[in-house]
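**Student:** The sequence and its predicted three-dimensional model are supplied below.
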Amino acid sequence: MNLFEELSWRGLVHDQTAEVAETLSKEKLTAYIGFDPTAASLHVGSLLPMMALARLQRFGHSPIAIAGGGTGMIGDPSGKTKERQLLSPEQIELNLIGIKEQLSRVLDFETTTNPARIINNADWLTKISLIDFMRDIGKHFTVNSMLAKESIKRRLESDEGISFTEFTYPLLQAYDFLVLYDKHKCTLQLGGSDQWGNILAGVDLVRRLRSAKAHGLTMPLVTTSAGVKFGKTEAGAVWLDAKLTSPYRFYQFWLNTDDRDAVRYLNYFTWLTREQLAELAEALQTQPEKREAQRRLASEVTRLVHGEVALQGALQASEVLFGKELTGLSANDLLDIFNEVPSTELANAQLAERPLPLSELLVTTGVAPSKNEAKKLLQGNGICVNNVRVSEVQRAITAEDFIDRQVLVLRKGAKNYHVVKLIG
RNA sequence: GCAGGGGUGGUCGAGUGGCUAAUGGCAUCGGGCUGUAAACCCGACAGACUAACGUCUUACGCAGGUUCGAAUCCUGCCCCCUGCACCA
């Protein structure tokens, strides 16, 4: 099996240039994917390209991750309906540091045969002069063909229009490919299906200027069957940084995968073999209530991104939280388990004088944004204390409510937990 | 620049003097069923305060005005769209 076959059966090939399959079966080559430095952390959406690079490496090819410090300063119009907010070079520099760290979790930078590399395209994009760029690169693009692109068309028809800056973006990306070809013999670019046009531009440029064969391959955009954007929860985007999305939440995100998506995601995001995947698909059919596929998916991906220790923590927390009673557990157990869950400290003195109305506690812990909201939640049976549903709006909390007089577990809805620690 | 159309709550979109904190869809949040799923059903959904009856703030592009009373009428301003004209 070669890389192309591997990507194919996993459903990762959306579009490809003519000779990709053949080339990948015969040669070891160098390939790259660009990552967007608009935030200090990547999110689960980036996991697909990350895994693609990792698979590539396992098949003996050399992966390059381009952290788009240069292009990130411009903004890619693909798939965007609005002009992008520009980031400062300092901000991008900071973001790149975080991204490098995350990429290193799935890519091997140490191996001597085909080590992964991270390269910042600001290295060359910020150096070339406008005149040189227009003479050497711009000449090879006709505005006619650029205008024909779907992404550009949409923007031309939109209210906002498109700035000259963003219009230029595909040229920059094409230029990246050319530079990587020259410096690293890079002959393949991967990307999401929204990158197809940009990738082709690079392939053409390399062919024209260097008379060399370059290839492109795109992967499908990850979709959800429920029609929600992949990677979003009530709490917002799911990040790869544990500080932004705790391993517990991360695990929960994957565990909550729709039945219809589970097998597909296993294909996309894990290293499981065809046989293993077939078994899980089977289990999903015959015993959907066990959710083996989702469990495996959540475990695999959490381990990959956060490591074994964090996974165990997430598993434990999940088990306790979605079990029935909290009774029988000590405060220490709970604190340990709930390490992952957001928490607030409460001074003992605040309970000494008088019981604290639950509605107020919900506000101070941030579980509810205002007393008003807190009451609405209570009225709607949306709040549990220590996993026991509370329906009285006037319910007040005393030190007695804390397990071992130390820990109190608040729950909003089905799966939003918050721990209150009693101190002092 | 000229002519026509339009700006309503997170979003789409009704409403054209009082019954309108504003119909409805979507999104969101809570509940039920179940498998921490999907689908479906119920409830909430401008905000704050109250145990509660309820009270008080803001709100229909902006600013004024008419009126007992305006998202709805008038005046000015801003922005957007569509057609026409013009264009280094």
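**Tutor:** Yep, that arrived. From a predicted model like this one, the values you see are computed outputs, not experimental measurements. Numbering: from 1, shown residues only, chains lettered A, B, ... in the order given.
**Student:** CA only for contacts and neighbour counts going forward, please
**Tutor:** Fine.
**Student:** Close to RNA strand B: what parts of chain A are there?
**Tutor:** By C-alpha under 7 Å from any atom of the strand, the part of chain A that sits against RNA strand B consists of A:157, A:159-160, A:226, A:228, A:233-235, A:252, A:255-259, A:288-291, A:318-319, A:322, A:369-373, A:375-377, A:380-383, A:393-394, A:412-416.
**Student:** among the residues you listed, which ones are buried?
**Tutor:** Those of those that meet the buried threshold are A:252, A:255, A:257, A:259, A:291, A:318, A:371, A:375-377, A:381-383, A:393, A:412, by 16 or more other C-alpha atoms under 10 Å.
**Student:** Okay, and which of these map to helices?
**Tutor:** Counting by DSSP state H, the part of these found in helices is A:Gln252, A:Leu255, A:Asp259, A:Ser318, A:Lys371, A:Lys375, A:Lys376, A:Leu377.
**Student:** From these, which one has the minimum pLDDT?
**Tutor:** Least confident of these in the model: A:Ser318, at 84.
**Student:** That one and A:Tyr248 touch, don't they?
**Tutor:** Yes: here A:Ser318 reaches A:Tyr248: they are 7.4 Å apart, a contact under C-alpha atoms under 8 Å.
**Student:** roughly how far apart are A:Tyr268 and A:Thr257?
**Tutor:** 13 Å (C-alpha to C-alpha, to the nearest Å).
**Student:** should've said A:Asp36
**Tutor:** Distance, A:Asp36 to A:Thr257, using C-alpha to C-alpha: 25 Å.
**Student:** can you check A:Thr23 too?
**Tutor:** Distance from A:Thr23 to A:Thr257, by C-alpha to C-alpha: 36 Å.
**Student:** correct me, but A:Val203 touches A:His215?
**Tutor:** Yes: with contact defined as C-alpha under 8 Å, A:Val203 counts as touching A:His215 (6.1 Å).
**Student:** ok, now which ones touch the closest residue to A:Val222 other than its chain neighbours?
**Tutor:** In space, and not counting its chain neighbours, A:Val222 is closest to A:Phe230: 6.4 Å by C-alpha to C-alpha, 6 or more residues apart in numbering. Contacts for A:Phe230 (C-alpha atoms under 8 Å, 6 or more residues apart in numbering) come out as A:Gly45, A:Val222, A:Thr223, A:Thr224.
**Student:** Is it possible to get CSV of the residues you listed that adds neighbour count?
**Tutor:** Formatted as CSV, the contacts of A:Phe230 follow (neighbours: other C-alpha atoms under 10 Å):
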residue, neighbour count
A:Gly45, 19
A:Val222, 18
A:Thr223, 15
A:Thr224, 16
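**Student:** which one among those gets closest to RNA strand B?
**Tutor:** Comparing the contacts of A:Phe230 against RNA strand B with C-alpha to the nearest atom of the strand places A:Thr224 closest, at 9.7 Å.
**Student:** Name the residue most distant from the centre of chain A?
**Tutor:** What lies farthest from the middle of chain A is A:Glu353; by C-alpha atoms, centre = their mean that is 46.7 Å.
**Student:** Give me the phi and psi for it.
**Tutor:** phi -70, psi -50 (degrees, to the nearest 10).
**Student:** One more: A:Ala352?
**Tutor:** According to degrees, to the nearest 10, A:Ala352 has phi -60, psi -50.
**Student:** Pull out the buried positions in stretch A:204-219.
**Tutor:** Buried-residue list, stretch A:204-219, by 16+ other C-alpha under 10 Å: A:Asp204, A:Leu205, A:Val206, A:Ala214, A:His215, A:Gly216, A:Leu217, A:Thr218, A:Met219.
**Student:** so what's the residue nearest the centre of chain A up against?
**Tutor:** In chain A, the residue lying closest to the centroid (C-alpha atoms, centre = their mean) is A:Val44, at 1.6 Å. Each residue near A:Val44 by C-alpha under 8 Å, 6+ apart is listed here: A:Gly231, A:Val238, A:Trp239, A:Leu240.
**Student:** Dump those residues to JSON lines, plus distance to A:Leu7 and pLDDT.
**Tutor:** Below are those laid out as JSON lines (distance: C-alpha to C-alpha, whole Å; pLDDT from 0 to 100):
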{"residue": "A:Gly231", "distance to A:Leu7": "22", "pLDDT": "77"}
{"residue": "A:Val238", "distance to A:Leu7": "25", "pLDDT": "85"}
{"residue": "A:Trp239", "distance to A:Leu7": "25", "pLDDT": "86"}
{"residue": "A:Leu240", "distance to A:Leu7": "23", "pLDDT": "91"}
